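K.L.:
Compute the structure for the input listed below.
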Amino acid sequence: PLVDPELESSSDGAVLPTKGSDEFKPFIRRLPEFKFWHSITKAFCTAFVMTFFSVFDVPVFWPILLVYWVVLFTLTMKRQIAHMVKYRYIPFSLGKQKYGGKKASASSSGSRAD
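P.N.:
Just a heads-up that it's a prediction; the model follows:
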């Protein structure tokens, strides 16, 4: 969106066009699709070419790599996790929800005599 409602402090919302020549654009991409694919293609080609040179073959100690991944994940997901906590969103369930309905009486649970 052009304006993120959570980051924007004004409560006016999106502004509607006032003239006939104005156009209402509620969604404007921050990164156009072509630029995204162009950047991804360049990064992939660069990484692929770098695999053929031994100077880029750097040994990595796996615990450091794991800590690096956890730090990056925490920094990038902090805002999303705070948003989920604010609105009490739980992305998983620990079993089926149980309702406290009427309990069956002992006389109706057995077989009936006709």
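K.L.:
can we go C-alpha only for contacts and neighbour counts from here?
P.N.:
Fine.
K.L.:
same question for the longest helix along the chain, mean pLDDT?
P.N.:
Secondary structure of the chain per DSSP state H: the longest helix is helix 62-86. Helix 62-86 shows an average pLDDT of 91 in the prediction.
K.L.:
List the buried residues of it.
P.N.:
Judged by neighbour count using 16 or more other C-alpha atoms under 10 Å, helix 62-86 contains no buried positions.
K.L.:
Low-confidence stretches in this structure?
P.N.:
For the chain, residues meeting the criterion pLDDT under 70 lie at 1-17, 20, 24-28, 103-114.
K.L.:
Please enumerate the strands of it.
P.N.:
Ranges of strands within the chain: none, based on DSSP state E.
K.L.:
Number of residues surrounding Cys45?
P.N.:
Neighbour count for Cys45, taken as other C-alpha atoms under 10 Å: 10.
K.L.:
tell me the contacts of it?
P.N.:
Under the criterion of C-alpha atoms under 8 Å, 6 or more residues apart in numbering, Cys45 has no neighbours.
K.L.:
Ile81 versus that one, what's the distance?
P.N.:
33 Å (C-alpha to C-alpha, to the nearest Å).
K.L.:
do Ser93 as well
P.N.:
17 Å.
K.L.:
quick one: the helices in the chain?
P.N.:
Ranges of helices in the chain, per DSSP H, are 33-50, 62-86, 106-109.
K.L.:
Can you lay out the ones you listed as CSV showing distance to Glu23?
P.N.:
CSV is the format used below for the helices of the chain (distance: least, C-alpha to C-alpha, whole Å):
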stretch, distance to Glu23
helix 33-50, 22
helix 62-86, 31
helix 106-109, 68
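K.L.:
So which of these is nearest Thr18?
P.N.:
Counting by C-alpha to C-alpha, Thr18 lies closest to helix 33-50 out of the helices of the chain; the figure is 29.8 Å.
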